[in-house]
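Chemist: Just the structure for this:
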Amino acid sequence: MTRPAAIEDPLAPWVRFAKRADTANLILLCFHHAGGGASTYRQWPGPLGKAGIDVWPIQLPGRESRFLEPLESDLAALTATLADVVGAELDGRPYAVYGHSAGAYVACAFALRMIASRSQAPAHVFVGASRPPSRPDPDSPIHLLPRERLLHKLRSYGGLPEELSAFPEMIEMALDITRGDLRLIETASWPAEPWLACPVTAVGGVDDGTVPPAVLPRWRDITTGPFSHHPLPGGHFLTPRSEEMLIGVIRDALG
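Modeler: Just a heads-up that it's a prediction; the model follows:
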């Protein structure tokens, strides 16, 4: 007796660590920071799943489980593929997006693509630790910085541990992936008028020197819908405490 062939997951390899409950009321797509991966959100499906929110961490090519694949270089092409693959699996179910740092731009671009190609707007857009398009980083385009300036910039974000200094190959790998991710978003263009009509929530660390809390309210410019922003403890990257608070913000907003 032959065993039936395994049914290939249509979301592989784009979605990782998801529990994918059929009883979920809403799906939250999570987009990682430049140089990061879907494992950033591996703890989110549990607490948000209890609130009826199915978390789908998005894994972009070129890292973690997709390390052997080339990095994406065109945001429009990337989000078109995501809309085809992930959008098809949403199957009309309500969804929201969260993006951290550079991931905020990928999240917004995905929402725009879904609106344009499938006429399916998100229920909510969450952006974290990211400058709005109207307030770019003074060093932009960061992906064009020379190696040493880029290294210094990444360390100012707190995303490159000093311990990596003992592993030059790992530093170069991290620089290459991060530079590619930054190129992806820094070469994209954005509409001058509000892009969205759904609620938008911006969050950021009160001690984030790279994305000052004062710029977060300008994310209101991307929507004609409701807007709110929430300060979180810490800097650019989430601590266990700020992550817990952020999950609470998302749960309350989508509840």
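
Chemist: And the closest residue to Gly103 other than its chain neighbours, its phi and psi?
Modeler: Nearest non-adjacent residue to Gly103, counting by C-beta to C-beta, 6 or more residues apart in numbering: Phe31, 3.5 Å away. Quick note: C-beta positions are derived from backbone N, CA and C, even for glycine. Main-chain dihedrals, Phe31, degrees, to the nearest 10: phi -110, psi 130.

Chemist: just checking, Phe31 touches Ala111?
Modeler: No: applying C-beta atoms under 8 Å, one finds Phe31 not in contact with Ala111, separated by 10.4 Å.

Chemist: which sections of this structure are below the confidence cut-off?
Modeler: Applying pLDDT under 70 to the chain flags the ranges 1-7, 161-165.

Chemist: ranges for the strands of it?
Modeler: 26-31, 53-58, 95-100, 124-128, 200-205, 227-232 (DSSP state E).

Chemist: quick one: strands adjacent to the shortest one?
Modeler: It refers to strand 124-128. Within its sheet, and counting by DSSP bridges, strand 124-128 is paired with strand 95-100 (parallel), strand 200-205 (parallel).

Chemist: Tell me who's in contact with Pro199.
Modeler: Pro199 is in contact with 123-125, 223, 225-228, 253, counting by C-beta atoms under 8 Å, 6 or more residues apart in numbering.

Chemist: run the last query once more with 7 Å
Modeler: 124, 225-226 (C-beta atoms under 7 Å, 6 or more residues apart in numbering).

Chemist: Please check those and keep the buried ones.
Modeler: His124 (16 or more other C-beta atoms under 10 Å).

Chemist: Which one, of the strands of the chain, ends up nearest to Ser156?
Modeler: Among the strands of the chain, the nearest to Ser156 by C-beta to C-beta is strand 200-205 (13.1 Å).

Chemist: now the angle from the closest one to strand 227-232?
Modeler: 20 degrees (axes from the mean of the first three to the mean of the last three C-alpha atoms, to 10 degrees).

Chemist: Please work out which residues outside strand 200-205 touch it.
Modeler: Contacts for strand 200-205 (C-beta under 7 Å, 6+ apart): 124-129, 211, 213, 216, 219-220, 222-223, 225, 227-236, 242, 246, 249, 253.

Chemist: what's the answer for stretch 112-129, then?
Modeler: 26, 79-80, 83, 87, 92, 94-101, 104, 107-108, 111, 195-205, 208, 211, 219, 236, 246, 250, 253-254.

Chemist: gap between the two ends of it?
Modeler: 20 Å (C-alpha to C-alpha, to the nearest Å).

Chemist: Flag every buried residue along it.
Modeler: Going by 16+ other C-beta under 10 Å, stretch 112-129 has these buried residues: 112-115, 120-129.

Chemist: just stretch 88-97 next, same as before
Modeler: 90, 95-97.

Chemist: Repeat that for stretch 39-49.
Modeler: Taking 16+ other C-beta under 10 Å as the criterion, stretch 39-49 shows 40-41, 44-45, 47-49 as buried.
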